[in-house]
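**Student:** What shape does this take:
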Amino acid sequence: MSVWMSPGGEFVAPARGRGNTRLPRTFHITPILPSIQNLPIIWLERYAPKRVHRIAMLILLYALWFLAIIFVVRQSRLSPPISGYDPPVYLSCTARYWNGGQCGLDGYLCQPFAEASFAFRCPADCLDVQLLNPYAVGDQEIVYQSLVVGGPTEGRQFGNESSHEEDLVADAVYRADSFICASAIHSGFLRDVEGGCGVLTLTGEQSSYTGSERFGIHSIGFDSYFPRSFGFKVGSKTACKDLRWPGLAASVFFTVTLSLFTTRPAVFFWSIFTGLFFHVALVSDPPTLNGDTLPDMFTLLSMAIAQFLPAAFAAWVIYRYAVMRSLSGLTAQVEKTVLWLGPAWVGALNNYTFDKLPIQRLTIHDIRAQPGAVSTLIAIVLVIGSIAIGQAYAFLVEGRFAKYALLYSILVFGILIATVIPGLELRIHHYFLALLLLPGTSFQNRPSLIYQGLLIGLFVNGVARWGFASILQTPGELLADGQRGSILPDIAVLAAGVDNITFSLGSLPIHDARMAVTYYGMSALVNDVERFRGPGGDVGTGNFTWTWNRHTHIQDREAGDSPLREYFRFGYVTGDHTGDYTRAGKWNSDGSWEQMEAGPSL
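**Tutor:** This next block holds a predicted model:
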């Protein structure tokens, strides 16, 4: 029996006849409770019967939405002045006052260490921001958690640097390489839900940082000294808030209103796509300038427009070949809103939804390293696989299976080719995953509305936040500041006492065949601060040595005035390139040495 579509969209079965074969049929959604779902359209026809009235109402809706977003962005970006300080610096959630290798020998490039303060502003929702690569704090390796070292203290004793601890919130002191905004939440200075402004005060060299669990953040303890620390000045918090959640409420209201009262697919899609894009780019997940600071309102708007133009072209292709087929003739206003718009918001708010899954980056390295990532990936693949089977059946019913099977065969072949290109690695960004899967949602049935809305949201979030990032990246780009697998120095202690220690560092130069680089120097970190860089001794003879004298400026009185334990890590260097560092060896207060474990650290 053949099945045909009538002009009204219902399925009509033609009469049986000899030689007839089953012809393809097109999916169409018949609304559930149509009298209720059609109420918005009936009201619109009653109160705005003419087209000009409806256009005016649509323009008014756009204007109110625009004003609401501009108000939210302005209030979230413009910071009130703090008396006696420069305008607050708008920090990202990962901003730090000490960026390891960028501080140079003895931290010279990160001065001053004390007697300085600055006004800052933090966004909302920094609580769950994590390190994606291992980070060394003494002999501890921190990964997949917030980088906060230190916290509230009791009975602290100070050394040669003056301190402002009496002025600090909760008497909390943090190592300078801690995330500033997460530390502000941990100390109780700021609330995660709204961010805020205040003054950070440098307290110089401190020792024995205390770890604790406060306000949802676990801080790391560190039992030695660090040359730079900070806290938050009591009474400096000002009334500035990140209004992303009120902004979300406004955007959801406007998109739901538009969805219920709009039947034209083009008006619906382009309004929702544009609104979602600028909401993500300006409010819910704005991009950063350099990883540490957030742009001002006008720079942010400029960045959003720059990303929107190419995204709009991609959106036209998506609309033409997937969305239009799904939305044309659809009169189920409530179902469209729930099944398409709802998942679109879930995808657009990816930083609050799917980012919570234990799989941060779709790379082989990260999937192997992150706990729970393998099982999560298996679950995702199974879900996508089961959905693909259902969508393949839908293509078969509509008679389009062969064409789309060819399309996806070409796409899969292209991805396989990309995986074997030498010197580059494949990284599937979520905007790219959405583009791959969207052609498979070009039906007007309820499951396809859900999948399509979700993928549109993921595409919007990916491009608005990160841009059209390359799906082929070098290993160095993927690892960023992670471990690269370079050779490690073979360190031996020649002499160790209470006051000084001498290391045998081996001979130089040394060639690393895997990294295709020859190292001509050595770097030594003491308590995660670079204290030595360069050749020394008789280079090339195996007599390369280095002596370090005990740091004596800070004494830990809780340890009976005995010297503090110090942590040493070593790595090869050549020019501006630094290889992986060893794990930390420990020089104890009694002069004994504990050899580092095998393997790299950061």
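**Student:** what about the helices in the stretch 451-600 of the chain?
**Tutor:** Remark: helices assigned in the stretch 451-600 of the chain by DSSP state H, counting those that start in this stretch are 475-479.
**Student:** what do you get for the stretch 151-300 of the chain?
**Tutor:** Using DSSP H, counting those that start in this stretch, helices in the stretch 151-300 of the chain cover 180-187, 244-261, 265-279, 297-318.
**Student:** deepest of the ones you listed, which one?
**Tutor:** helix 180-187 (a mean of 28; mean count of other C-beta atoms under 10 Å). In short, each C-beta sits where N, CA and C put it, glycine included.
**Student:** Tell me which other helices or strands that one touches.
**Tutor:** Taking 3 or more C-beta pairs under 8 Å, 6 or more residues apart in numbering; DSSP states H and E as contact, the helices and strands that helix 180-187 lies on are strand 114-122, strand 150-152, strand 172-175, strand 196-203, strand 217-218, strand 229-232.
**Student:** if you set the cut-off to 7 Å instead, what comes out?
**Tutor:** strand 114-122, strand 217-218 (3 or more C-beta pairs under 7 Å, 6 or more residues apart in numbering; DSSP states H and E).
**Student:** which residues are in contact with it?
**Tutor:** For helix 180-187, the surrounding residues in contact (C-beta atoms under 7 Å, 6 or more residues apart in numbering) are 91, 93, 95-97, 120, 122, 126-127, 129, 146, 148, 151, 169-170, 172, 174, 190, 192, 198, 200, 214-215, 217, 219, 232.
**Student:** What subset of the residues you listed is buried?
**Tutor:** With burial judged by 16 or more other C-beta atoms under 10 Å, the buried subset of the contacts of helix 180-187 is 91, 93, 95-97, 120, 122, 126-127, 129, 146, 148, 151, 169-170, 172, 174, 190, 192, 198, 200, 214, 217, 219, 232.
**Student:** circling back: could the helices of the stretch 151-300 of the chain go into JSON lines alongside distance to Gln444?
**Tutor:** Formatted as JSON lines, the helices of the stretch 151-300 of the chain follow (distance: least, C-beta to C-beta, whole Å):
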{"stretch": "helix 180-187", "distance to Gln444": "45"}
{"stretch": "helix 244-261", "distance to Gln444": "16"}
{"stretch": "helix 265-279", "distance to Gln444": "10"}
{"stretch": "helix 297-318", "distance to Gln444": "16"}
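**Student:** Looking at those helices, which is nearest to His28?
**Tutor:** helix 265-279 (14.0 Å; C-beta to C-beta).
**Student:** Quick check: Asp481 vs Ala56, distance?
**Tutor:** Distance from Asp481 to Ala56, counting by C-beta to C-beta, to the nearest Å: 54 Å.
**Student:** Ok, Phe544 next?
**Tutor:** Using C-beta to C-beta, Phe544 is found at 80 Å from Ala56.
**Student:** Of these two, which one has the most company?
**Tutor:** Phe544 (20 against 12; other C-beta atoms under 10 Å).
**Student:** quick one: that one and Gly414, what's the gap?
**Tutor:** For Phe544, the distance to Gly414 - C-beta to C-beta - is 50 Å.
**Student:** re earlier: hey, least reliable of the helices and strands packed on helix 180-187 by pLDDT?
**Tutor:** In terms of average pLDDT, strand 114-122 trails the rest of the helices and strands packed on helix 180-187, at a mean of 91.
**Student:** List the buried residues for that one?
**Tutor:** Those would be Ala114, Ser117, Ala119, Phe120, Arg121, Cys122, for strand 114-122 by 16+ other C-beta under 10 Å.
**Student:** Dump the residues you listed to JSON lines, plus distance to Phe432.
**Tutor:** Formatted as JSON lines, the buried residues of strand 114-122 follow (distance: C-beta to C-beta, whole Å):
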{"residue": "Ala114", "distance to Phe432": "47"}
{"residue": "Ser117", "distance to Phe432": "44"}
{"residue": "Ala119", "distance to Phe432": "40"}
{"residue": "Phe120", "distance to Phe432": "35"}
{"residue": "Arg121", "distance to Phe432": "33"}
{"residue": "Cys122", "distance to Phe432": "31"}
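**Student:** now what about the helix or strand where Pro447 lies, what contacts it?
**Tutor:** Pro447 is part of helix 446-466, with elements assigned from DSSP states H and E. When contacts are defined by C-beta under 7 Å, 6+ apart, helix 446-466 is touched by residues 29, 273, 276-277, 280-281, 285, 287, 304, 307, 311, 322-323, 326, 335-336, 339-348, 350, 387, 390, 429-431, 433-435, 437-438, 441.
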